[in-house]
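> Below: sequence and its predicted model.
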2 protein chains.
Amino acid sequence: MLEKIDQIMKELIFSFGYDKASEMFQSISSGKKLRSKLILKIAPLSDESLKLCAIVELIHSASLLHDDVIDESSTRRGKASVNATYGSKNAIMLGDILYSKGYYELTKFDSFICREISKAVSLLSIGELMDVELSKSFNTNKDKYINMIYNKTAVLIEASAKCGAFLAGLDTDKFAQYGKNLGLAFQIIDDVLDITQSSDTLGKPSLSDFKDGKTTLPYIYLYENLDENDKEILKSYFAKELDDSQISWIKSKFNEHNIVQKTINEAKNLAKEGILAIDEYKNDGLVAVMKNMVDREF
Amino acid sequence: MLEKIDQIMKELIFSFGYDKASEMFQSISSGKKLRSKLILKIAPLSDESLKLCAIVELIHSASLLHDDVIDESSTRRGKASVNATYGSKNAIMLGDILYSKGYYELTKFDSFICREISKAVSLLSIGELMDVELSKSFNTNKDKYINMIYNKTAVLIEASAKCGAFLAGLDTDKFAQYGKNLGLAFQIIDDVLDITQSSDTLGKPSLSDFKDGKTTLPYIYLYENLDENDKEILKSYFAKELDDSQISWIKSKFNEHNIVQKTINEAKNLAKEGILAIDEYKNDGLVAVMKNMVDREF
């Protein structure tokens, strides 16, 4: 099914008949398609639901193209990023092409879907800015962090679930709640993995987020639990290239205060609440997606 | 009326309640609003038509924000560009915010409007890429040039006229024709002014386009009219910083072959055809807009 979605995405971009756009589009590696899997676990399989998946993936890809320019990332999904291969300018333009084609195709859907997805993208674009702004200083405010990841990561997942429910004629608010919580849990788990996984598994050095100025939830919890002296030490390590002893110090403090487990529990609570929201539908697939997200090796 | 449009645009961006976005948005200087003037000369003045103007201007501003990053322009409308003031990354993000907010607000309009504007933006994004690609080598193909300026400049003007007509209950195809021709004539005249106006008037050196790799219509016509030897000379000057004698040579060749007048005539023909398309409506305002565009000092 996911190949079919890739095929539709390709057809949409190739429909411009402009070789350079087609060539650059083909250099993007296919993603996990979390949003599409979600839609297809909620809505019946049809040309319509597959097309919606393709549109959401185009929009998601567009946001990643611009993200990679902004974060100066040279890799994406294990391959060279478009900005690395074709330069930042081309990546910006390809992002605009994917966004705009996605929007145009959206207008062929019911206005509910058109509105929900486009609202999500506008919040997503604000979320990207919030992420960059929050990265400028050590952030100890959990609400700001949650609000940022809600906008940057969860809104499009929430909208995908909501629109899937709309196509299926189900309660859109309940599935929106599930999608929102899935998105938040997904991001929190991603932030935990940056701390717990080896650099080999991550494909980047461990604790990269903190070095990149991202005070993710584990760091916010750690900060809350440290004494005044250690708080200052942690802050002094923010957004810096750290040596092994400094990395060890952070990791030992995470252990001492049981921060990773505390953060995972937060994600697990979101997962439970999300599953509960759609409890009446007995949708085993969605329960499994959520559980696989939080019940894993860390 | 134009202040009212600025006000709506501001309200739309301020509605995110995110200070950094509001601050950056306010640094953008207000433009001439060609597209809004067009809409308001076709559609009756109403909250709806003003809102449509604000959306189209948001989208146009978004495209300029990304254009300026891609062209590394440090000024826009006589002020520092957003990329110059806040950096390219912020300009990309602000562009995404303006685009996405514009799209979201569009979904509150009739699907005809939603579709026409979003289709235009997808072609606009392809046009931007075409412009960059064409700038890589000396282009002698007039069709490619016209197709590029159609996408990059004329489609959104065409869609604005078409949607104005839709709001007014008029023949959308006829107004689309007018808008398309206005957009094409506008760009061709802009390309002529880069050659004929003094650097003081332009705010940039004369013949900047050619230096920037843009083989605009006057250069295509000039190339067609030169002998083989001079063709090679012109090509050797492409995309280079030229000295005074080289600039004089180009200008003398333009004069010798009467290229500026030939190019202006092309724009005048487009203008006539555009006016003819809406002849039955006796819309003096639109006739004046078109005439003012082409009947001017060069």
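That came in fine, so what should we check first? Residues are numbered from 1 along each chain as shown, chains lettered A, B, ... in the order given.

> for chain B, what are the nearby residues on the stretch 51-200 of chain A?
A:63, A:66, A:69-70, A:88-90, A:92-94, A:96-97, A:99-101, A:103-104, A:106-108, A:111, A:114-115, A:118-119, A:121-122, A:124-126, A:128-130, A:132-133 (Cβ under 8 Å from any Cβ of the partner chain). To be clear about C-beta, it is placed using only N, CA and C from the backbone, and glycine gets the same treatment.

> quick one: low-confidence parts of the stretch 51-200 of chain A?
Scanning the stretch 51-200 of chain A with the threshold set as pLDDT under 70 gives A:199-200.

> Please pick the buried ones from the residues of the stretch 51-200 of chain A next to chain B.
Neighbour-count burial (16 or more other Cβ atoms under 10 Å in any protein chain shown) applied to these gives A:63, A:66, A:69-70, A:88-90, A:92-94, A:96-97, A:99-101, A:103-104, A:106-107, A:114-115, A:118-119, A:121-122, A:124-126, A:128-130, A:132-133.

> Count the residues that sit near A:Leu276.
13 (other Cβ atoms under 10 Å in any protein chain shown).

> tell me the pLDDT at it?
Per-residue confidence (pLDDT) for A:Leu276: 98.

> coming back round to it: just the ones of the residues of the stretch 51-200 of chain A next to chain B in helices?
Using DSSP state H, the members of those that fall in helices are A:63, A:66, A:69-70, A:88-90, A:92-94, A:96-97, A:99-101, A:103-104, A:106, A:111, A:114-115, A:118-119, A:121-122, A:124-126, A:128-130, A:132-133.

> per-domain residue ranges of chain A.
Listed by automatic domain parsing, the domain ranges of chain A are A:1-109, A:111-298.

> Could you export these as TSV, including distance to B:Ser252?
Shown next, in TSV, are those (distance: least, Cβ to Cβ, whole Å):
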stretch	distance to B:Ser252
domain A:1-109	35
domain A:111-298	50
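
> Please determine how far the residue most central in space within chain A is located from chain B.
With distances taken as Cα atoms, centre = their mean, A:Thr153 lies nearest the centre of chain A, 4.0 Å away. A:Thr153 sits 15 Å away from chain B, taking Cβ to the nearest Cβ, to the nearest Å as the criterion.

> And for A:Asn229?
On the measure of Cβ to the nearest Cβ, A:Asn229 and chain B end up 33 Å apart.

> okay, now A:Ala277: neighbour count?
Neighbours of A:Ala277 (other Cβ under 10 Å): 20.

> just checking, A:Ile97 touches B:Gly127?
No: A:Ile97 is beyond contact range of B:Gly127, at 10.1 Å (criterion: Cβ atoms under 8 Å).

> any chance you could map the helices in the stretch 101-250 of chain A?
Assigned by DSSP state H, counting those that start in this stretch, the stretch 101-250 of chain A shows helices spanning A:111-134, A:142-149, A:155-168, A:172-196, A:199-202, A:208-211, A:217-225, A:228-236, A:244-256.

> any idea how far the last one is from the chain center?
This points to helix A:244-256. Helix A:244-256 has its C-alpha centroid displaced from the chain centroid by 27 Å (Cα atoms, centre = their mean, to the nearest Å).

> That one to helix A:228-236, inter-axis angle?
If you take axes from the mean of the first three to the mean of the last three Cα atoms, to 10 degrees, helix A:244-256 sits at 130 degrees to helix A:228-236.

> if we can go back for a sec, looking at the helices of the stretch 101-250 of chain A, which is closest to B:Ala239?
Checking the helices of the stretch 101-250 of chain A against B:Ala239 by Cβ to Cβ gives helix A:111-134 as the closest, at 33.9 Å.

> Packing partners of that closest one?
Here helix A:111-134 touches helix A:47-70, helix A:88-106, helix A:142-149, helix A:155-168, helix B:19-26, helix B:88-106, going by 3 or more Cβ pairs under 8 Å, 6 or more residues apart in numbering or on different chains; DSSP states H and E.

> what's the closest of these to B:Ser36?
Closest approach to B:Ser36 among the helices and strands packed on helix A:111-134 (Cβ to Cβ): helix B:88-106, 13.1 Å.

> How about the contacts made by A:Glu158?
By Cβ atoms under 8 Å, 6 or more residues apart in numbering or on different chains, the contact list for A:Glu158 reads A:Ala120, A:Ala176, A:Gly179, A:Lys180, A:Gly183.

> Most neighbours among the residues you listed, which one?
Busiest of the contacts of A:Glu158 [other Cβ under 10 Å] is A:Gly179, holding 31 neighbours.

> Contact partners for that one?
By Cβ under 8 Å, 6+ apart, the residues touching A:Gly179 are A:Leu38, A:Ala154, A:Ile157, A:Glu158, A:Ala159, A:Ser160, A:Ala161, A:Lys162, A:Gly274.

> Spatially nearest residue to it, not counting backbone neighbours?
Nearest residue to A:Gly179, sequence neighbours excluded (Cβ to Cβ, 6 or more residues apart in numbering or on different chains): A:Ala161, at 2.8 Å.

> swap in A:Leu286?
Closest to A:Leu286 by Cβ to Cβ, 6+ apart is A:Lys41, at 5.4 Å.
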